[in-house]
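Undergrad: the following comprises the amino acid sequence and a computationally predicted model.
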Amino acid sequence: MKSVKVFTPIATLIAALMVIVVFAGCNSSAKPAPGIKLDSTAKVETVEHKGTAFGIKDIPPWLSEFIQRNGVRSVEELPDYKGKYVIIGQANGAGLQQVETWAKNFDAQQQIGATIESRVASVFKAHENLLPGDADAKRKYDNAINTLVRATYTGARQEADWWIHQKITEKGKKEAETRYTSYVLYTIDRSVLDQQIRDQIKKIRDGESKELNAAFDAVTAQLLERGLNWE
């Protein structure tokens, strides 16, 4: 069975895409792939990676940053990704074909919606006290959140992908597990996604009651001030 994790970040203004990953656990004497530091209770040996067959020793800078510093924010700080939001998907599997197929089918659009749901919904919920006390207002408010999450956001494009093949031996076990991990990197211009989210909030706000508009205005103000830069 393969496991999948998706990651994206956040900076200023509205919008962004980020889910945080913890790559491993505590101390290990295993030799990591070039450019990677791994801590684990298991012995982790790197067999090969995507560049091995071409004589490439090190993994790409974006992947090294992502793994070593556990997130996309550090990747966004690299010169190549200035002014962009970064989305990184990760999948583990027993075979290379399995994880490469996953990478080809990675749905960046779906992950944008999932991230907006996890980040923006909490801000909307925090301002429910601004609503009138009736069920109809709450229903409209909840519908507004769903509309924002389910909207189509365009502009994400694939920048790179990579895979790593590792042999993992858990402490106390003689048999080693072979694992392939595939990574795929997408970006979207900050200005493009920011404007799309602004447009969606404006569309939701227009035509609603004054009480609902007050709640939407409070949410928008907080997003503009903080972006999605919170846990």
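TA: Noted; the coordinates are in hand. Numbers count the residues shown, from 1 in each chain.
Undergrad: so where's this protein shaky on pLDDT?
TA: The chain contains residues with pLDDT under 70 at 1-41, 70, 118-119, 206-209, 211, 223-231.
Undergrad: what residues sit buried inside the host helix or strand of residue 75?
TA: With secondary structure defined by DSSP states H and E, residue 75 is part of helix 73-76. Across helix 73-76, burial judged by 16 or more other C-beta atoms under 10 Å covers 73-76. For the C-beta atoms, the positions are set from N, CA and C on the backbone; glycine is no exception.
Undergrad: for this structure, what's the longest helix?
TA: Ranked by residue count, the top helix of the chain under DSSP state H comes out as helix 108-126.
Undergrad: can you pull the buried residues of it?
TA: Neighbour-count burial for helix 108-126, counted by 16+ other C-beta under 10 Å, picks out 108, 111-116, 119-120, 123-124.
Undergrad: could I get that helix in CSV with only the CA atoms?
TA: Coordinates of each C-alpha in helix 108-126 appear next as CSV, following Å, rounded to 0.1, in the frame of the first residue of the first chain:
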residue,chain,number,x,y,z
ALA,A,108,-2.6,20.1,-7.9
GLN,A,109,-6.0,21.7,-8.3
GLN,A,110,-7.6,19.3,-5.9
GLN,A,111,-4.9,20.0,-3.3
ILE,A,112,-5.4,23.7,-3.6
GLY,A,113,-9.0,23.2,-2.6
ALA,A,114,-8.1,20.9,0.2
THR,A,115,-5.6,23.4,1.6
ILE,A,116,-8.0,26.3,1.4
GLU,A,117,-10.5,24.2,3.2
SER,A,118,-8.2,23.5,6.1
ARG,A,119,-6.8,27.0,6.3
VAL,A,120,-9.6,29.3,5.5
ALA,A,121,-12.5,27.5,7.1
SER,A,122,-11.0,28.0,10.6
VAL,A,123,-10.9,31.8,10.0
PHE,A,124,-14.6,31.8,8.9
LYS,A,125,-15.5,29.8,12.0
ALA,A,126,-13.7,32.2,14.2
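Undergrad: and that helix, what does it pack onto?
TA: Counting contacts by 3 or more C-beta pairs under 8 Å, 6 or more residues apart in numbering; DSSP states H and E, helix 108-126 is packed against strand 84-93, helix 135-150, strand 177-189, helix 210-226.
Undergrad: the first one pairs with which strands?
TA: When sheet partners are counted by DSSP bridges, strand 84-93 sits next to strand 3-7 (antiparallel), strand 177-189 (antiparallel).
Undergrad: returning to what we had before: the longest helix of the chain vs strand 84-93, what angle?
TA: On the basis of axes from the mean of the first three to the mean of the last three C-alpha atoms, to 10 degrees, helix 108-126 is oriented at 110 degrees to strand 84-93.
Undergrad: could you check the angle helix 210-226 makes with helix 108-126?
TA: Using the same axes, to 10 degrees: helix 108-126 against helix 210-226 is 120 degrees.
Undergrad: pull the distance from helix 108-126 to the chain's centre.
TA: Averaging C-alpha positions (C-alpha atoms, centre = their mean, to the nearest Å) puts helix 108-126 11 Å from its chain's average.
Undergrad: heads up, I number from 3, so please use that
TA: All set: I'll call the first residue 3, so the last point we hit is now helix 110-128.
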